[in-house]
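>>> prediction below, plus the sequence it came from.
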Amino acid sequence: MGAIAVIGAGIAGLTVTAKLAAHGHEVALFDKSHGPGGRCATRRSAVGAFDHGAPGFSASSAAFRAQVAAWRQAGWVCGDDEGQAAAEAAERGSSPIYGVPSMNALARQLSAQLPARVTLHTDCQVAAIEPDTAGGAWRLRLSDGITSAARFDAVAVAVPAEQAAVLLAPDAVLADRMQRVRSDPCWTVMTAWARPLPVSLPSGLSGDASRVLSTARRDDLRTGRTPVADVACRWVLHATPQWTADHLDARSEVVIAELLRAFERQLGASLPAPSHAVAHRWRYAQVVCPCSEPCGWHAALRLGACGDAWHAHGDPGSIAPDGIERAWLSGQALAQQVHSTLSSR
């Protein structure tokens, strides 16, 4: 079995790591953040938790529906309603699915299940993938300029396409594929009110006519959420990709004010000042047009890529899978390619 480096500990990275480890490979998993999850992100605060990244996901392919069913059985995910009908709808892909008690909890559960042959390196940003001077292997150069002592038989890159393109420089063709993928950005505002809002609200709203607000989602009513004293409700507001692109470098206070005004327009009512409001910018939030292949893999170089930039199609006749499903499908596909190549050596 081989020694493999996986760069990126989001859903794609965790998936490819788990499958390679199940095949008996030694895997080193690197992520620049404090913990795994990627865009399955949850922000902790004094007013409670906010799922400020991916708000949820769907399951359209048979393989991913089976995986979601297993996660649901383990208590790692749920839908808005935990009745049998809702469970069946979620597994058919017709109802949103969430991590319990937060989106990031799903990634933490997947990470906790990794076997001992996996080593997770957090707060560790990889700057380049470089050939070993002895030949036949790879080394990783970190952002602090230090080259890792470990030698790897293969490397899998599981980060957003724009970042993957830089890391995949040793393979000009694969790097070019990633350079052609575009990810839309997204400004997100996490806000809370100490008193109930003066209007009757559903749990979510779609965008406003001015094209500032993409979605607004109430966050404190999700399954597993713990009530917080002096917090009546928490909402997550997502700006549209175009508005975000036009205001990519705006100050946080400007973003907060604009999205709150758009929220008021959508409600048709004035709102009191929130007790908590924080903005976060996702530079690479959602892939516009993924590659049609399940993943990218150069067998001779033993270098590949997976993630939501790949696998634009699931089962024939199904709807196109969303980002989290694409990441999972792509991670599964790349793990098989890596294992097949290393096993044949």
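That came in fine, so what should we check first?

>>> in the protein, which helix or strand is least confident?
Least confident helix or strand of the chain, by mean pLDDT, DSSP states H and E, is helix 84-92 with a mean of 45.

>>> helices of the chain, start to end?
Using DSSP state H, the helices of the chain run over 11-22, 62-74, 84-92, 103-112, 161-167, 172-179, 241-246, 252-267, 323-343.

>>> and the second one, what does it pack onto?
Translated: helix 62-74. strand 77-78, helix 84-92, helix 323-343 (3 or more Cβ pairs under 8 Å, 6 or more residues apart in numbering; DSSP states H and E). Where C-beta positions appear, they are placed from N, C-alpha and C, glycine not excepted.

>>> which helices and strands does the shortest one pack with?
It stands for strand 77-78. In terms of contacts (3+ Cβ pairs under 8 Å, 6+ apart), strand 77-78 is packed against helix 62-74, strand 98-99.

>>> show the average pLDDT along the longest one.
What it means is helix 62-74. Across helix 62-74, pLDDT averages out at 94.

>>> next: stretch 263-279.
Mean per-residue pLDDT for stretch 263-279: 92.

>>> again, but for stretch 5-24
Rounded mean pLDDT across stretch 5-24 is 97.

>>> how distant is it from the center of its chain?
Relative to the chain's own centre, stretch 5-24 is displaced by 14 Å; criterion: Cα atoms, centre = their mean, to the nearest Å.

>>> isn't V231 right up against A192?
Yes. At 5.3 Å, V231 counts as touching A192 under the criterion of Cβ atoms under 8 Å.

>>> now the common contact residues for these two.
Any residue near both V231 and A192 by Cβ atoms under 8 Å, 6 or more residues apart in numbering counts here, and that gives V47, G48, D220, S275, H276.

>>> which one (most neighbours) among those residues?
Using other Cβ atoms under 10 Å as the neighbour criterion, V47 leads the shared contacts of V231 and A192 with 23 neighbours.

>>> that one and V228 touch, don't they?
Yes. Between V47 and V228 there is a contact under Cβ under 8 Å: 5.7 Å.

>>> V231 and A192: which is more packed in?
A192 (23 against 18).

>>> for P272, see how far away that one is.
Going from A192 to P272 by Cβ to Cβ, to the nearest Å gives 12 Å.

>>> so which residue is smack in the middle of this protein?
Among the residues of the chain, the one closest to the centroid is R39, at 3.0 Å (Cα atoms, centre = their mean).

>>> can you count the residues close to the nearest residue to that one once chain neighbours are set aside?
Closest residue to R39 apart from its sequence neighbours, by Cβ to Cβ, 6 or more residues apart in numbering: G53 at 4.2 Å. By other Cβ under 10 Å, the residues close to G53 number 21.

>>> contacts only, for G53.
Listed by Cβ under 8 Å, 6+ apart, the contact partners of G53 are G37, G38, R39, C40, A41, T42, M103, N104, T188, W282.

>>> kindly recompute the last result at 7 Å.
Applying Cβ atoms under 7 Å, 6 or more residues apart in numbering to G53 gives the contacts R39, C40, A41, M103, W282.

>>> I'd assumed D51 was in contact with the fourth one.
Yes. The pair M103 and D51 qualifies as a contact (Cβ atoms under 7 Å) at a distance of 4.4 Å.

>>> so what sits against both of the two?
When contacts are counted by Cβ under 7 Å, 6+ apart, M103 and D51 have T42 as shared neighbours.

>>> got the end-to-end distance for stretch 286-297?
Across stretch 286-297, the terminal residues are separated by 22 Å (Cα to Cα, to the nearest Å).

>>> for it, what is the distance to the chain centroid?
From the chain centre to the centre of stretch 286-297 is a distance of 15 Å (Cα atoms, centre = their mean).

>>> dump the helices of the chain to JSON lines, plus distance to W235 and mean neighbour count.
Putting those into JSON lines (distance: least, Cβ to Cβ, whole Å; neighbours: other Cβ atoms under 10 Å) gives the following:
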{"stretch": "helix 11-22", "distance to W235": "25", "mean neighbour count": "26"}
{"stretch": "helix 62-74", "distance to W235": "26", "mean neighbour count": "16"}
{"stretch": "helix 84-92", "distance to W235": "22", "mean neighbour count": "16"}
{"stretch": "helix 103-112", "distance to W235": "16", "mean neighbour count": "21"}
{"stretch": "helix 161-167", "distance to W235": "29", "mean neighbour count": "20"}
{"stretch": "helix 172-179", "distance to W235": "34", "mean neighbour count": "16"}
{"stretch": "helix 241-246", "distance to W235": "18", "mean neighbour count": "17"}
{"stretch": "helix 252-267", "distance to W235": "7", "mean neighbour count": "18"}
{"stretch": "helix 323-343", "distance to W235": "22", "mean neighbour count": "24"}
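
>>> turn the ones you listed into JSON lines, columns for distance to C291.
As requested, the helices of the chain are exported to JSON lines (distance: least, Cβ to Cβ, whole Å):
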{"stretch": "helix 11-22", "distance to C291": "13"}
{"stretch": "helix 62-74", "distance to C291": "18"}
{"stretch": "helix 84-92", "distance to C291": "26"}
{"stretch": "helix 103-112", "distance to C291": "23"}
{"stretch": "helix 161-167", "distance to C291": "9"}
{"stretch": "helix 172-179", "distance to C291": "6"}
{"stretch": "helix 241-246", "distance to C291": "19"}
{"stretch": "helix 252-267", "distance to C291": "31"}
{"stretch": "helix 323-343", "distance to C291": "9"}
